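> next comes the sequence, and after it the predicted model I'd like to discuss.
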Amino acid sequence: MLRRIFLIAVLPLVMYAQPQPAEFSGNYCDPFKDAFEGLFTEVATHNDDFALPAEGTKILVWSNAGGTFPQSAGNIQSLLEFVQNGGLFFLCEGAPSQAFRNGEDVFDLSPGANLLGAKRYTYGNPDSVLRGVGLELFTEEQNPYDGLEHNHPGLGSLSSMVVLMGTETVAKLGVNRIGSGALVYSSFAPTDPSYAAALRTLLIKLLDPDELQRLFPKPDSNQAVIVNDQVLHLALAEDGRNSTMNSLLPQLLEADNFAPIIGEPSLLIHVGRTAYVNSLNLDFDSLHPYGYYIVMRDGKNLVLAGKNNTGTDYAVIDFLKRHLGYRRFLGTQALNEIIPKQQKLALPATLELREEPSIHSYLLAWGGDTAFFGRNSRLTCQATHALDSLVPPAKYGESHPEYFPLINGERVKVVNGEITGPWNPCISSLEPNLNTLVTEYADAYFSDHPDNLGLPMGVNDGGGDCQCQACRAELAQSGNQYARFYSMAAVELAKKYPNKLLSFIAYSAAATKAPRCVTMTPNVLVEITGMDKMGAYDLFPAWYDCGIRNFGLYDYIYTFGNGYVIPRYYPRAMASTWKEAKNEYNLQTMWMELYPVTGVFDAPRQYVLDEIAWDIDADVEELLDDFFHCMYQEAALPVKRFFDLHEQVYLRKKDWKRPISGWQNFTQMNEYTWEDLQKMEQELDNAEQIALQGLPKQRLEALRKLWRFSELRIQGNILTRELDAMRNINSDAMAEKLVALIKRGYQNIADSEAYTMSAEEENLIFIDPGNNGLEQLKKFSYLLPLPNFELYSEPALERLSEYLLNNGKDLPAFYQAHAAKSSDEKTRAALLTQVYMRQHDLVNLVQNPSFEDNTGAGQEPPYPTSLEGVSHWYSWAFDNSITRFFLNSETAHSGTYSCAIGELQINGAIISYVEIQPNCRYRLTFWVRRNRGDEGFGMGSASIRMQNETGWLDDGSAISIAYPPECENQWVKCSTIFSAPNVPATALILLSAAKQAPDAWTAFDDVSLEKIYEPTP
């Protein structure tokens, strides 16, 4: 009693004219009764449970514990109506988590979000200060939350709640205005006299209608939506999922408040499976895992809900795309996001859409920020590298060492539960326990991924196939080391999971080809890869013939900047190919490697392909028109024609169904002509004649800027092809024409090297300009213009020199005169090289060039996996794979031996190191012979890499020479000329081979590296 008298003594003397009826629930209500003394008349107190207010009650207090079960939807609605009709509802401490939690999750308050103006219960100790209205009503001394040393409750994920004490995101004391009343949340009960005075002041203000409206004004309708000709308030349901809708609606519409207004005629958007959505009994069970509904039946509630959260995100994006014109194309957000501002959203009276994709599983690796808009991250059937999950080393390393591969005569060791390097199981050893292995793996996998279509068992990346006798015999017999095993495993899978597939990737030398004499079981899905020379689509028929009826596609649709320096534009071509595969081969899964660098060239193509993967019958032309209109507005038509010219060029390729064609290779440009470039330039000129403004203008400028880079590279490629075509130099006029081409080629290289962008341009064009921008693009080794030009210019100059000598011309004078007329150092060096070679004794810098200096080791099978006993020569092979090296005494270009690479599973090379001088020019020459023709992997190639004491001077082999088809069963001379870097360096000569069967080999002999030009000091 004394405590109560003390509290009354410090409370303000201002009293509300008429004490208001009040009810109290919970076991800690006395502090509120003390604080509100004289402002209420007690109607009832409920100590054991939270009770709804009786008719006529004005003040309702729920404090601390008051029941073990959350309130029903009906009770929550009653509480909303109580507040809406003028009630004042005080919640204290943990009461929200008890009364409004979502099931067992005490932090999820979404069922009561409309009432609370918040979605989350929090527990922490943030730096809580007076905020907003709290600064007017209270003093610093009345804030008990400042400087606390312990955690305490709060409300977070705020929507309409106004924070008086707390942070921007967490309310310790907050008010949510609803209709004529308000809900108040207080983290503490008012036991402290100063805090009690603060809450009393707040109650007095809330009891005064004018002060309630002044301090916590009732929100006005945003009138942002028209449904069936009726203007409504547009709001996001409080118990909905946070999504891009929250951030995009204020940008797309001329409104900024989308919180529900209780009692206001509204269209409520339900994002995700809210209570309302669940009341509709939509069939989510049969829906595709990433499918979704867009439904509006009563003109008051719009449903955007997927089976899973990503499906819900897809529903949101699809709705915004259909009805508000939102687009987020591939590339930088600044250039490729379309946000058209509208005054109102207009909707029909009803909507009823159930959306599911045509391709069951579709994944871009990776789609980046466009994953939601493209709906391109929906993995429901992984077929890639997963065999290690069938026999985890940590689980079976000690008990079953035979499960792990035999490589190069030794069983791979499991150390601390791990294996170093790539590996795949010894499948022949798994058969006795296959049922147990498959069942345990499937149980664990489908427990975590119940909606997934298949159990992944694809071979692991990087090789590491078992080489035991049984596994090798299976590879020799069927041509696929794993296919028969997969069928056996699928039989075991079907015993417990009859509706699931066993999924694997046809990948690597031991698992790519369709098996011979093996009939695959019907519950197997094979994902065909498009990496090899044949391409994926050429492999479909053979797999179909061996019983496969469920197909996937793993392909490589790399973009400009990722192994390509030209636009990769083939929307119609690839869309038609995908449709064909879907219709003929039941294409169900697609894993696409993309890794975009920019969207300037690739966005329209990817927009089409993502949409086709969702709806295989989508209209490609409509999609393209949509893209170009959104991006370039009035200039859409000429820009579209510019891109169409690129697709016409692409379709000239014989292997156009193989999108990785030309990757990291100059052959990607071989179909372009001068006429093509002229037409493309004209279309861009046409576009520039149109007076664009703002973003469309910036997009066109970015397109033209980046196209200039590609155009320079294509021009250089055309020049090399023109040089290569000049095989017969038979006149002085032709000689002069060839020199002019040489000069144009080196000028093109200089222009390419001088190409620049401003920092602003780079930020607009490149997704990650710091790590993958113009600098990285210009120095990408495989596509450097200089080494490629020298590959063609030097043989052309040799033909010119032959003409000069055969016709009695003064060769030194001819080249010196032309060199004197050139201001480009590289041009002069190329011309004067022809003089230097004929005026100097050239020295072979390669030691042991014919492999005669050897110990005689490694001449008999089984050949070793590293080169042994050959002076000054070394070898390299991919880890845990088969590459065999040997001295070949059966054939040699000169002397007794050649050096050969035999069976090669992934990659390998013989290597020699030679010191080279800065800015000099060198010629590599060698002889090559294969005992086979092209078996689908090419004939192989040699290359040169550069390094010095700081490390590699290149990012890969910029200097490369492919072995010609003529080297099958005969010795063929190969030669290339290259320029050294401007610092001292070591050149690594790498003589490699293509993938080869056990009885195939590629042999090398008489290797030389000569300095053929040295600049004058």
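Okay, I see it.

> for residue 225, see how far away the closest residue to residue 343 other than its chain neighbours is.
Nearest non-adjacent residue to residue 343, counting by C-beta to C-beta, 6 or more residues apart in numbering: residue 254, 5.2 Å away. Every C-beta, even on glycine, is put in place using the N, C-alpha and C of the backbone. According to C-beta to C-beta, to the nearest Å, residue 254 stands 12 Å off from residue 225.

> looking at those two, which one has more neighbours?
A count of neighbours by other C-beta atoms under 10 Å puts residue 225 above the other of residue 254 and residue 225, at 22 against 12.

> you'd agree the more buried one is up against residue 236?
No - Residue 225 lies out of contact with residue 236 (C-beta atoms under 8 Å); the separation is 11.9 Å.

> export the host helix or strand of residue 474 as CSV, just CAs?
Here residue 474, judged by DSSP states H and E, is contained in helix 469-478. The C-alpha trace of helix 469-478 is given here as CSV (Å, rounded to 0.1, in the frame of the first residue of the first chain):
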residue,chain,number,x,y,z
GLN,A,469,40.9,-54.9,-63.6
ALA,A,470,37.1,-55.2,-63.3
CYS,A,471,36.4,-51.4,-63.8
ARG,A,472,38.7,-51.3,-66.7
ALA,A,473,37.1,-54.3,-68.3
GLU,A,474,33.7,-52.7,-68.0
LEU,A,475,35.0,-49.6,-69.8
ALA,A,476,36.5,-51.7,-72.5
GLN,A,477,33.4,-53.8,-72.9
SER,A,478,30.7,-51.2,-72.8
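
> could you check the pLDDT of residue 427?
The model reports residue 427 with a pLDDT of 97.

> for it, what are its contacts?
Residues near residue 427 by C-beta atoms under 8 Å, 6 or more residues apart in numbering: 466, 471, 474, 481, 482, 485.

> what's around the fifth one, how many residues?
With neighbours defined by other C-beta under 10 Å, the count for residue 482 comes to 27.

> please apply the same query to the second one.
Using other C-beta under 10 Å, the number of residues around residue 471 comes to 23.

> leaving out chain neighbours, which residue sits closest to it?
Leaving aside its chain neighbours, residue 471 sits nearest to residue 428 (5.3 Å; criterion: C-beta to C-beta, 6+ apart).

> the residue nearest to residue 343 reaches residue 234, doesn't it?
No - look at residue 254 against residue 234 with C-beta under 8 Å: they stay out of range, at 11.3 Å.

> what's the overlap in contacts for these two?
Common neighbours of residue 254 and residue 234 (C-beta under 8 Å, 6+ apart) are residue 224.

> can you tell me the element residue 312 falls in?
Assessed by DSSP H and E, residue 312 sits inside helix 309-324.

> list the buried ones in whichever strand or helix holds residue 776?
Using DSSP H and E, residue 776 maps to helix 774-778. Going by neighbour count (16 or more other C-beta atoms under 10 Å), the buried part of helix 774-778 is 774, 776, 777, 778.

> likewise stretch 30-48?
Buried residues in stretch 30-48 (16+ other C-beta under 10 Å): 30, 31, 32, 33, 34, 35, 36, 37, 39, 40, 43, 46.

> next, count neighbours for the residue nearest to residue 263 when sequence neighbours are not counted.
In this structure, residue 263 finds its nearest non-sequential neighbour in residue 179, 5.1 Å apart by C-beta to C-beta, 6+ apart. The number of residues packed near residue 179 is 18, by other C-beta under 10 Å.

> quick one: low-confidence residue ranges for the stretch 1-150 of the chain.
1-17, 66-68 (pLDDT under 70).

> I'd like the distance between residue 240 and residue 444.
Note on residue 240: its distance to residue 444, by C-beta to C-beta, is 33 Å.

> okay, these two: which has more neighbours?
residue 240 (27 against 11).

> quick one: contacts for the more buried one?
110, 269, 270, 271, 272, 274.

> repeat the analysis, applying 7 Å as the threshold.
Contacts for residue 240 (C-beta atoms under 7 Å, 6 or more residues apart in numbering) come out as 269, 270, 271, 272, 274.

> am I right that it is in a helix?
No - according to DSSP: H, G, I helix; E, B strand; the rest coil, the state of residue 240 is coil, so it is not within a helix.

> chain center to the longest strand along the chain, what's the gap?
When the chain is parsed with DSSP state E, its longest strand is strand 1002-1013. How far strand 1002-1013 lies from its chain's middle: 43 Å, per C-alpha atoms, centre = their mean, to the nearest Å.
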